[in-house]
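[1] I'd like to go over a predicted model; first the sequence, then the structure.
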Amino acid sequence: GAVVSQHPSRVICKSGTSVKIECRSLDFQATTMFWYRQFPKQSLMLMATSNEGSKATYEQGVEKDKFLINHASLTLSTLTVTSAHPEDSSFYICSASLYDTEAFFGQGTRLTVV
Amino acid sequence: AQTVTQSQPEMSVQEAETVTLSCTYDTSENNYYLFWYKQPPSRQMILVIRQEAYKQQNATENRFSVNFQKAAKSFSLKISDSQLGDTAMYFCAFMNAGTASKLTFGTGTRLQVTL
């Protein structure tokens, strides 16, 4: 089956610093990946659509300057949380599709900003 | 825009019993997919079952089956012979065909399987 790997699984950073999260499709090429955010005991909310070779598409209310997405290759999308603050602490999950009929998820990244 | 509603925030079932989780959705599209995902404490999203909207036959995967009522826009999940390992959050999700698997999730149902 298709495997999506997300790294790191857990990160703690100081307020004001930036953090990069990687999402890789290990055994397939993904022209499109998605980034979701999940607060404790809540559902997954789509943040943005990452498109290989072009700009990401952000959902309404998501600050594109704070959450920078780069999809430079067919197997890698990165999410950079810039100038992180405690309210950015959350669980971030990426997904990618192989045949457009099923999403494969990374393991998620727990971000804590102190 | 699509919406997915799960009206049961929490449910409990005894081991070996059967439980049904409810999900309704709203869409004007005709070609779409519906999913149930399980999220255990590890928070890894695990696909439980998938239903193609064009298929009338309800999907089944071992102890998991769905009741898909397209006209009513209802998509419930039945878990038979519940096991302790089924304890998790369950999310119902909607995907329009041709969107590279962009998902809209419901709010989730926390299922607790007890002895």
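    Received the coordinates, thanks. Residues are numbered from 1 along each chain as shown, chains lettered A, B, ... in the order given.
[2] Which stretches in chain B count as strands?
    Assigned by DSSP state E, the strands in chain B fall at B:3-5, B:10-14, B:19-21, B:24-26, B:32-39, B:46-52, B:60-61, B:64-69, B:74-79, B:88-96, B:104-105, B:109-114.
[3] can you tell which of those strands is closest to chain A?
    strand B:104-105 (4.7 Å; C-beta to the nearest C-beta). C-beta: built from backbone N, CA, C; applies to glycine.
[4] Reformat the strands of chain B as TSV; add mean neighbour count.
    Listed next are the strands of chain B as TSV, based on neighbours: other C-beta atoms under 10 Å in any protein chain shown:
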stretch	mean neighbour count
strand B:3-5	16
strand B:10-14	14
strand B:19-21	20
strand B:24-26	16
strand B:32-39	23
strand B:46-52	17
strand B:60-61	12
strand B:64-69	18
strand B:74-79	21
strand B:88-96	23
strand B:104-105	20
strand B:109-114	17
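[5] closest to A:T80 out of those?
    A:T80 lies closest, by C-beta to C-beta, to one member of the strands of chain B: strand B:104-105, at 24.0 Å.
[6] Dead centre of the chain: give me the residue that sits there.
    With no chain named, the answer covers chain A. With distances taken as C-alpha atoms, centre = their mean, the residue of chain A nearest its centroid is A:W35 (3.9 Å).
[7] Let me rephrase: I mean chain B.
    Central residue of chain B (C-alpha atoms, centre = their mean): B:W36, 3.0 Å from the mean position.
[8] In chain A, where is pLDDT below threshold?
    Across chain A, not a single residue meets the criterion (pLDDT under 70).
[9] Residues of it that sit close to chain B?
    Listed as neighbours of chain B in chain A under the rule C-beta under 8 Å from any C-beta of the partner chain: A:31-32, A:34, A:38, A:42-46, A:49, A:91, A:93, A:95-97, A:100-103, A:105, A:107-108, A:110.
[10] Mind checking which of these are in strands?
    Judged by DSSP E, the subset of the residues of chain A next to chain B located in strands is A:32, A:34, A:38, A:44-46, A:49, A:91, A:93, A:95-97, A:103, A:105, A:110.
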